[in-house]
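Chemist: test case, fold it:
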Amino acid sequence: MKLDSIIKKAEGFFRKIDNVLHRKNKETGPDLLIPGDNYQKLRSRYYSYKNLLLKNNELLDALSEINEGIDSKTITLPAFRSYLSRIFDTTFEFIQSLNDMTANRYIYLYDVLDRIRLAVDACLKEEPEELPAGFVIPLEKITAEHLKITGGKAAHLGEIRNILKLSAPRGFSITVPAYREFMSFNNLQERVNNLLASPDINDPGKIEPVSKEIQKLIMQSALPPGIEEEIYREIERIGNRKRFSVRSSAVGEDGKLSFAGQFRSLLNVKRESVIQAYKEVIASKYSSRALFYRLAMRLRDKDIPMAVFVLEMVDSRSSGVIYTLNPSYPEKDEAVLSSVWGQGQYAVGGTVSPDMFILGRGNKGKIINRTIAAKDVKLTLKPSGGVEEVPVPEESREKPSISDEEIRMLYHYCCLIERHFGMPQDIEWAIDNDRRLHILQARPLNIRRVIPVAPTDISTEKKIILSKGEPAGRGVASGPVFIIDSFDRIPDFPGGAVLVAKNSSNEFVKIMQSASAIIIGTGSRTSHLATIAREFNIPAVINAANIVDILRNETVVTVDADKGVIYRGRINGLLHRKPEDISDRQYLPHEKIIRSVMKNITPLNLLRIDASGISPEEFRTIHDIVRYVHEVSVKEMFRIGELAEGEGSTQQLVSDLIPMFFYVIDLDGGIAEEAMFLRKISPEHINSIPFRALWRGMTYEGVRWSGAVDIDMGGLASVMARSFVRTGVEEKGGKVYVIITDQYVNMSVKLAYHFTVFDAFCGESYINNYINFRFQGGGASAEGRYRRALFIKEVLESLDFRVEVKGDMIIADIKGASQKDTEYRLDILGRLLGCSRQLDMAISSMEAKDWYVKAFLEGNYSFAHD
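Modeler: Presented below is the predicted three-dimensional model:
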């Protein structure tokens, strides 16, 4: 089989690898690539790292949103709980990704997370539980506070009806205490436990008899008289002639795990059948499919006590479901609505094709697209009870089952619900024959939001210096500018000044509390710095492009962080909008609890992560975990090149421009498809953004990889002396191992006495972008190598790198820059790598070092003297 044929027919990257791996030896020519033993290790580590970056973004996004909700006093307790669940779940996955990368070297972080979770739970237990007594609670008295006794379905709808005051049917909850009393009254729990303890319960082929036996026990049992009396009392209150839906509302249902379709729901139930329907719903907890689901999710029986929700039946003209955010394409920022004639079970069950509407979230639910289906049948209420399928009248089959006006009203309701619960929602709705809209159910969709790319436009007029910065912390403040263009200036920061820097850094935490405001040239509102600015109530503006070039030290400015605008001078008319002092606030209900919880979430205590490591006791918050995991993950990726040497799946990059041997490993999209399995490739085949940037610099006009440089004779003597004791050193044709994806590069360069490592991620998201750089070695004396290290340090600091020099070793990094700026810095690093060759023998003094720095920054890469 020819290679071209394989590429055309293969459906994806790994299919193509599989095709190559399974060829016979005689078909595998010398120019084809066969992945080696370490390839899967490299690929696995990269994908774990990529998932870690995703979770890092989701966590920072959640921390940003929860703080904004608290500061604006718009967050409700249910929304707060949703955010906490999202934060802890994502942090667990975040830690898991790090351990997947490192063979579980950081497994202790799970214990750290559990300790923080226990502290949060203790704070939440301070919340008073004023719950109405009894086994049955009217919907009119239920809110999200009652989640543990009415289950999620009833608690959420009670919140919608009683707090948001949206239209929902009347009803009542038969509570968890009623369920426990029913099980105890009939001595059911012990018998159920014994059956669930059977070894057959884990055998899919034998679970059905166990399920049927438990359900039979429940259906044959009687309700305690007290529970039955309360149920009939509630039915009488609503109306004895009414019909009802009887649905599950288990604790844990409609939360992170939806249990969608696992439990029984009965429609159009008469008064005299409600008790029987109640037992059917309880029994459905032990249906074979519900047991499969529960076992798959590793839930114990006691983890999901069953409440039952009884609602007045809506005789629906139309009904359906709306997702407030499209779960398939969340980045499109649109809602999805489905609608059918009659009862809504056909909208979700697939019996008929529903009408589908795509609504734009950014333009108040405007209909972007509509698909009107042919709806031949519908589900309606039978006079005798239950439901039946009937034909849709011919004239209505291809008409929309919901009008544009009704869609607008429904979308308005759904926006209120989503805002209240703090996350995208899956909402069931119905419109009755009098065109009244009813909300029947709402549950979270658990969709992660896409992080937008930050704007960088600049406009100036009158006193406005910048009008399109991105707000990160609330409020307005004024003060003199203090530009931090080097970390050495941090100790000199004067209290009350406006902190201005090109890039964000965790080092700024040390002085943030003494700053009146903060302006950063790049970044994201979900960054660590933005989160801490909100915590400290410091006005902060990010993505203030070129701000370091625009402002001057000691210039007085006014920062309006609410609008992202910076003014020249002190604007007294704006300064009355001070950041709110938390200690003087009037607390909203539950705000004291929320604040006590947040002490375990957002403060950042790990101001510096030392090479010696961090003890578990030093982690006190989720933010500490986030910072630590992200930092050590980057360091772990820095070492990925160690797996590359000797790897059989390398491809050789062939070019006459650089006299070195490049061995390339592509983990995901770094090489063009047509070159995937070629043993030798050219630079044109490379798709990796950061490697292409490095290559542009390494091959830049004027950068020389061969030829003489002006050598100090003392340095040359040192090289000759070292050569007598070090053998096997290659003076030409150094080896370069390159690991790439479309947005990642790790490049290890071994050239004579020198060893250099580049590790970089470069894409659209500011948060993920970084460059790590390490350079060590040289053939000259220790003094010559040190002077060259200082040369490299000063060049890197001019590019805003954080640099550390240890003898002849340079360690440097920069984080959070835009894709354009990251590419530019990689380009310069490529030039620097070529130009610094043999400079340890050329830089004979500190004065010479200064000259070489100046020459390089002026583009004199051949270091030609005038």
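
Chemist: so, low pLDDT: which residues of the stretch 151-300 of the chain?
Modeler: Applying pLDDT under 70 to the stretch 151-300 of the chain flags the ranges 198-205, 252-262, 289, 292-299.

Chemist: now the helices for it?
Modeler: Counting by DSSP state H, counting those that start in this stretch, the segments of the stretch 151-300 of the chain that form helices are 176-185, 188-196, 207-219, 225-238, 274-284, 288-296.

Chemist: ok, now which ones touch Phe801?
Modeler: Going by CB atoms under 8 Å, 6 or more residues apart in numbering, Phe801 touches 771, 773, 812-814, 825. For glycine as for every other residue, the C-beta is placed from the backbone atoms N, C-alpha and C.

Chemist: relative to Phe755, which of these is nearest.
Modeler: Phe773 (12.1 Å; CB to CB).

Chemist: tell me the SS of the closest residue to the closest one other than its chain neighbours?
Modeler: Excluding the flanking residues, the one nearest Phe773 by CB to CB, 6 or more residues apart in numbering is Ala812, at 4.5 Å. Per DSSP: H, G, I helix; E, B strand; the rest coil, the local secondary structure of Ala812 is strand.

Chemist: my guess is Ala812 meets Val803, correct?
Modeler: Yes - using CB atoms under 8 Å, Ala812 is in contact with Val803, at 4.5 Å.

Chemist: identify the contacts common to these two.
Modeler: In contact with both Ala812 and Val803: 793, 796, using CB under 8 Å, 6+ apart.

Chemist: neighbours of the residue nearest to Phe773, how many?
Modeler: If you count neighbours by other CB atoms under 10 Å, Ala812 ends up with 21.

Chemist: also Asn240?
Modeler: Per other CB under 10 Å, the neighbour tally for Asn240 reads 11.

Chemist: look up the closest residue to it, ignoring the ones flanking it.
Modeler: Arg271 (5.3 Å).

Chemist: wait, the one you found touches Glu234, no?
Modeler: No - in this structure, Arg271 is not within contact of Glu234 by CB under 8 Å, at 10.7 Å.

Chemist: compare those two (neighbour count), which wins?
Modeler: A count of neighbours by other CB under 10 Å puts Glu234 above the other of Arg271 and Glu234, at 20 against 17.

Chemist: thinking again about what came up before, adding distance to Val736, write the helices of the stretch 151-300 of the chain out as CSV.
Modeler: Formatted as CSV, the helices of the stretch 151-300 of the chain follow (distance: least, CB to CB, whole Å):
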stretch, distance to Val736
helix 176-185, 65
helix 188-196, 60
helix 207-219, 58
helix 225-238, 76
helix 274-284, 63
helix 288-296, 47
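
Chemist: okay, the ones you listed, which one's buried deepest?
Modeler: Of all the helices of the stretch 151-300 of the chain, helix 274-284 has the most neighbours on average by mean count of other CB atoms under 10 Å, namely a mean of 21.

Chemist: what does that one contact?
Modeler: The contact list for helix 274-284 (CB under 8 Å, 6+ apart) reads 174, 179, 182, 214-215, 218-219, 221, 223, 228, 231, 235, 244, 246-248, 262-266, 269, 290, 306, 308, 310.

Chemist: how is the chain carved up into domains?
Modeler: Domain assignment for the chain by automatic domain parsing gives 3-32, 41-127+594-638, 132-313, 315-450, 464-589, 657-857.

Chemist: figure out how far the third one is from the centre of its chain.
Modeler: Okay, so that is domain 132-313. 34 Å (CA atoms, centre = their mean, to the nearest Å).

Chemist: quick check: pLDDT value at Leu604.
Modeler: Per-residue confidence (pLDDT) for Leu604: 80.

Chemist: what do you get for Ile640?
Modeler: 72.

Chemist: that one against Arg45, yeah?
Modeler: Yes - assessed by CB under 8 Å, Ile640 is found in contact with Arg45 at 6.1 Å.

Chemist: and for the closest residue to Thr621 other than its chain neighbours, the neighbour number?
Modeler: Nearest residue to Thr621 in three dimensions, chain neighbours excluded: Pro603, at 5.2 Å (CB to CB, 6+ apart). Here the count is done by other CB under 10 Å, and Pro603 has 16 residues near it.

Chemist: spell out the secondary structure type for Pro603.
Modeler: From three-state DSSP, the assignment for Pro603 is coil.
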